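>>> Just a sequence and a predicted model for now, questions to come.
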Amino acid sequence: MRSTSLLPLLLAVGFATGCSSPLPSAADTTSLQGKWASDQVSLTISDSTANVVLLASGGCFGSYGQILQLISQDHFSVPGTYTQLIGAYPGKLEYLALYAGQVNGTDLALTITVPALRLSIGPVHLTAGREQ
């Protein structure tokens, strides 16, 4: 009988302990937002998506990618799409991709992996606040 009277107390302590870790603040989830770029790659991170543009040789628009989720941590690995532009119909081919990155201050090392093409791009080193 005594064990059942302790159950509500143990549950209350468990919930209090489980909820004691702070949630990320708004500042933590928006710190990566903005423009990041190198000579060949640009990344624009918004509040819920990110867009990547890769230049081909000669500075032409070559391919692009999109991440449809929030990037809020300085070390991330998130799914997205990689779109390869081609010179024939339909003009582009879209593949699933994995975007992995590590932020160190104002520098971001980004790697893009496209399993269907057996393609890995990077790591490319991007700088915060820079535009192509």
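Yes, it's here.
>>> ok, which stretches of the protein are strands?
Ranges of strands in the chain, per DSSP state E, are 34-37, 41-45, 50-55, 61-67, 75-85, 92-104, 107-114, 119-128.
>>> between those strands, which gets the lowest average pLDDT?
Mean pLDDT is lowest for strand 61-67 among those, at a mean of 89.
>>> where's that strand relative to the chain centroid, distance-wise?
Relative to the chain's own centre, strand 61-67 is displaced by 14 Å; criterion: CA atoms, centre = their mean, to the nearest Å.
>>> wouldn't residue 48 be in contact with residue 69 here?
Yes - between residue 48 and residue 69 there is a contact under CB atoms under 8 Å: 7.1 Å. C-betas here are computed from N, CA, C, even on glycine.
>>> just to revisit the earlier point, could the strands of the chain go into TSV alongside mean neighbour count?
Output for the strands of the chain, formatted as TSV (neighbours: other CB atoms under 10 Å):
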stretch	mean neighbour count
strand 34-37	18
strand 41-45	21
strand 50-55	19
strand 61-67	18
strand 75-85	16
strand 92-104	16
strand 107-114	18
strand 119-128	16
